[in-house]
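> Kindly return the folded structure for what I paste below:
(chains A and B)
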Protein chains: 2
Amino acid sequence: MAAVRRMVVVGGDAAGMTAASQARRLQGPDELEIVAFERGDFSSYSACGIPYWLGGDVTERDDLIARTPEQHRERGIDLRMRTEVTELDLDRSRVRARELPPGGARGREYWTDFDDLVLATGARPMRPPLPGIDAEGVHGVQSLEDGQVLLETLTPLQGTASDDGGRPRKAVVVGAGYIGVEMAEALVRRDFEVTVIDQAPQPMTTLDPDMGELVRDAMCDMGMEVVTGAAVTAVETDERETSGPGGRTLAVVTKEASYPADVVVLGLGVVPETSLAREAGLPLGESGGVLTDLAMRVRGRENIWAGGDCVEVLDLVSGRTRHIALGTHANKHGQVVGANIGGGYATFPGVVGTAVSKVCDLEIARTGVLEAQARDVGLQFVTVTAEATSRAGYFPGSRPMRVKMLAERGTGRLLGTQIVGREGAGKRVDIAAVALSAGMTVEQIMYLDLGYAPPFSPVWDPVLVAARKAAAAVKAESGG
Amino acid sequence: MAAVRRMVVVGGDAAGMTAASQARRLQGPDELEIVAFERGDFSSYSACGIPYWLGGDVTERDDLIARTPEQHRERGIDLRMRTEVTELDLDRSRVRARELPPGGARGREYWTDFDDLVLATGARPMRPPLPGIDAEGVHGVQSLEDGQVLLETLTPLQGTASDDGGRPRKAVVVGAGYIGVEMAEALVRRDFEVTVIDQAPQPMTTLDPDMGELVRDAMCDMGMEVVTGAAVTAVETDERETSGPGGRTLAVVTKEASYPADVVVLGLGVVPETSLAREAGLPLGESGGVLTDLAMRVRGRENIWAGGDCVEVLDLVSGRTRHIALGTHANKHGQVVGANIGGGYATFPGVVGTAVSKVCDLEIARTGVLEAQARDVGLQFVTVTAEATSRAGYFPGSRPMRVKMLAERGTGRLLGTQIVGREGAGKRVDIAAVALSAGMTVEQIMYLDLGYAPPFSPVWDPVLVAARKAAAAVKAESGG
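Predicted coordinates:
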């Protein structure tokens, strides 16, 4: 009888538990033992859903949990919660874990051997070392634990809400990227007056500046204050002025001004959590993410795999590796890792940089490269923007959107697409995302056979309108 | 000075007028004279929008008109309304036209020479030669004129609506394809009791039977009566029972039963209107549509072009030519024809058979081939269906959909996708449509980088869920 192999997973969220589940689907416990370590209290949850839980769209925290520890254990995965892996000993193929008992007591430590190791340690929120950043009332929103603490601030207990005499509550969100704008929406829904501060010259630097300005305009129209080009230097706490039982008045300070707040939310994005990998000498990319091969195996290692928010992925358009923390990638990485460990074969082909978000009814999407990114990697291009509607112009609910498209000079190959609009704008980016993956030219895109009927699209879908314009621009640029 | 060339366009709707406009964009009146003939009263209108005008979504008929005759004339196109082309004399490069004065008087006839001829004669509704089919109260819905007549029946004048003593009005729709189900929705919105009759065993034969059954179930849940496998043999008019001032009682008769109706709508689809082309000896395909080359030039002819609902197009998946009457194709054909006549260069690459429709809140979409179509052209395949949701399962407004996918045996190449669901289902077919155009395998599709955020999609988009299942089925079928 062959020895049972052991797969050890570090991190019990999307990438790690998908890898575990997929491997288990392919091999039973008599072939493969699976041990997974998670230092927190939750497994397999949707961090992307936290802003919607805080905003009230999602009423129950546990709705964000895709699979509980018990469900994983029932499927033959030895998932050890509140157990942190503190060291990778790759020479001896083992990891050291420490239990984290509630209450902060020092827990048991032990070594566990592995045949295959999966690093799925995720990402951690950026938290600049500013004076006051750890003050009470300053919140991150990366984990369910973070969310729970913030939620209690946002939704005062019954009977206490009116103690403030009706004074509107103020929130400052630091960071105007995806997390920042999603949290701004959540806070507006909780009746806060919201100020969003970012050091960049525009909100959503994942868009080109001209498209980011559309987001600023829409946010201002929603009653938010948007402060850009402003670096936060400190968070101050004034204990003299209280705003209710246990309340404090905070102020977010920039070089130019001070923004009072009842609550401060940090939405500065995340960096890969790869201290274990770094200490073990594993290869990291420019953003600090673990570098893997196409099978999601750590580069240069036979039996060490990585996936999810702790890795860098190949961007098929720019040819560079990038760190993109998104649950949809984490799930796919896990699928690939699990298939390979389980005796199958799969590869992750890379990404094209697609992202979609919304702030209230404004939908924001992008795929491929921005102008600056294209220049950075040596691509020359033409740029067009087009205005079009989500449905036939005469159909009720038809909403305008702006589509920006970058096409390679000469070849006309699509390089990137950005869309800002209302209902029906966001997911249209998928058309461009698939076309990018396929290496299509804008002229090929303009003749794509997309779903058309008046309630769904104009005769020329907005993405095709932009492609048509881009095709003409490519021709004009090349003198023909 | 070079002689001015003349482009003659037969048919003043989407394909013809797009061709005229595009050619005019490229060449001015000193290079190219453009004469267009339209036998009706309207130019460049959206026939696809008629059901929504009749149902009340669109309030004004003229909202469906993209460009009026005057607007075309202002752009230097000599558009002659109510003028029918009665003969193509290709040997002498001229067409004979007859004016159609209002009131039915015989109008002037004359010949017009052309250098380039564009056939954009459209399609005509199928109208089987059944007893009673031309009775008062039996309506087609192909043209704005048809729609205007029907609309007056659907919306009684103020004060007469209650003359029927509150008896619910009954409508029978003959045909349960796109036009039939869209008209069923329109009639429900006008408070009719609706029966839809089709001789096929299921509604929506543009879907596989199992997916068509989902449409039947949903239509029944909406209170419609759906009668399938029933060929209509006659429409009877009973003049004894009147249902109000000027009203009649009709009955749609099948072999098995008789369905009383206050109004009967024919929604049987369309056939290419190609009698002029046929008489002139131009090549027609199996469905009677004009056959063209990739530049949309009539096969074997130098200076005769065709586009829109009167042509057959290459289906890239089946390798056959097909007749598909859709405004989105007509516009693209016109774009290609106009570019080529105007001295540019463009080709129409073909279609993948994408269509999307809705009946009330049910969204119905397809692309590629159905099971029967695949077998018919020699394709072998595996089939999967997947259930998934439009947004993250925990996000408000998340709605279920069913996605069916056909992948080629062995290669795993995508062959077709069908989607039936609620909000957010229909336009997802675009993902599959682009992937089909690119010749992607289901395994490539499963790793596509699509827009993900909880309000827009689950971590695995429904199309990716189906692709993942299809990839597994392809592997299982090939023994690996």
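
> Do you have the helices of the stretch 251-400 of chain A handy? List them.
Taking DSSP state H, counting those that start in this stretch as the test, the helices found in the stretch 251-400 of chain A are A:275-279, A:327-341, A:371-376.

> Return the mean pLDDT over the longest one, rounded to an integer.
This predicted structure assigns helix A:327-341 an average pLDDT of 98.

> what do you get for the first one?
For helix A:275-279, mean pLDDT is 98.

> who touches residue A:390 in this structure?
Going by C-beta atoms under 8 Å, 6 or more residues apart in numbering or on different chains, residue A:390 touches A:397-401, A:421-425, A:428, A:457, A:462. In this view, the C-beta of every residue, glycine as well, is placed from N, C-alpha and C.

> what do you get if the cut-off is 10 Å, keeping everything else the same?
By C-beta atoms under 10 Å, 6 or more residues apart in numbering or on different chains, the contact list for residue A:390 reads A:363, A:397-401, A:421-425, A:428, A:455-458, A:461-462, B:427.

> are any of these buried, and which?
Burial by neighbour count, 16 or more other C-beta atoms under 10 Å in any protein chain shown: within the contacts of residue A:390 this picks out A:363, A:398, A:401, A:421-422, A:424-425, A:428, A:455-458, A:461-462, B:427.

> Just these: which are in helices?
residue A:462 (DSSP state H).

> before we move on, back to that, and the helices of the stretch 251-400 of chain A: which comes nearest chain B?
Between chain B and the helices of the stretch 251-400 of chain A, the shortest gap by C-beta to the nearest C-beta is with helix A:327-341, which sits at 3.7 Å.

> what are the ranges of the strands in the stretch 101-250 of chain A?
A:109-113, A:116-119, A:123-125, A:138-139, A:170-174, A:193-197, A:225-227, A:232-238, A:249-254 (DSSP state E, counting those that start in this stretch).

> neighbouring strands for the longest one, and are they parallel or not?
Its sheet considered, strand A:232-238 pairs with strand A:249-254 (antiparallel) by DSSP bridges.

> Please apply the same query to the third one.
Under the criterion DSSP bridges, strand A:123-125 sits next to strand A:270-272 (antiparallel) in its sheet.

> do the same with the fourth one
Sheet pairing for strand A:138-139, assigned by DSSP bridges, gives strand A:263-266 (parallel).

> chain center to the partner strand: distance?
Offset of strand A:263-266 from its chain centre (C-alpha atoms, centre = their mean, to the nearest Å): 18 Å.

> Could you give the average pLDDT over it?
Here the average pLDDT along strand A:263-266 is 96.

> go on, stretch A:113-125?
Averaged over stretch A:113-125, pLDDT sits at 97.

> ok, of the buried ones among the contacts of residue A:390, which one's closest to residue B:197?
Taking C-beta to C-beta as the measure, residue B:197 sits nearest to residue A:455 out of the buried ones among the contacts of residue A:390, at 24.3 Å.

> from what I can see that closest one touches residue B:363, true?
Yes - between residue A:455 and residue B:363 there is a contact under C-beta atoms under 10 Å: 8.7 Å.

> which residues does the residue of the stretch 1-150 of chain A found nearest chain B contact?
Residue of the stretch 1-150 of chain A nearest chain B, by C-beta to the nearest C-beta: residue A:63 (3.8 Å). If a contact means C-beta under 10 Å, 6+ apart, then residue A:63 has A:45, A:46, A:49, A:52, A:53, B:392, B:393, B:394, B:395 as its contacts.

> For the strands of the stretch 101-250 of chain A, give me CSV that also has mean neighbour count.
As requested, the strands of the stretch 101-250 of chain A are exported to CSV (neighbours: other C-beta atoms under 10 Å in any protein chain shown):
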stretch, mean neighbour count
strand A:109-113, 13
strand A:116-119, 28
strand A:123-125, 19
strand A:138-139, 22
strand A:170-174, 27
strand A:193-197, 22
strand A:225-227, 19
strand A:232-238, 17
strand A:249-254, 20
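
> Can you add distance to residue B:76 and give the ones you listed back as JSON lines?
Compiled in JSON lines, the strands of the stretch 101-250 of chain A are given as follows (distance: least, C-beta to C-beta, whole Å):
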{"stretch": "strand A:109-113", "distance to residue B:76": "80"}
{"stretch": "strand A:116-119", "distance to residue B:76": "67"}
{"stretch": "strand A:123-125", "distance to residue B:76": "59"}
{"stretch": "strand A:138-139", "distance to residue B:76": "63"}
{"stretch": "strand A:170-174", "distance to residue B:76": "54"}
{"stretch": "strand A:193-197", "distance to residue B:76": "51"}
{"stretch": "strand A:225-227", "distance to residue B:76": "47"}
{"stretch": "strand A:232-238", "distance to residue B:76": "59"}
{"stretch": "strand A:249-254", "distance to residue B:76": "58"}
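
> Residue B:39: which of these is closest?
Shortest separation from residue B:39 across those is recorded for strand A:225-227, at 56.3 Å, computed as C-beta to C-beta.

> Adjacent strands (with direction) for that closest one?
For strand A:225-227, the paired strands and their directions (DSSP bridges) are strand A:193-197 (parallel).

> returning to what we had before: surely the residue of the stretch 1-150 of chain A closest to chain B is in a helix?
Yes - under DSSP: H, G, I helix; E, B strand; the rest coil, residue A:63 falls within a helix.
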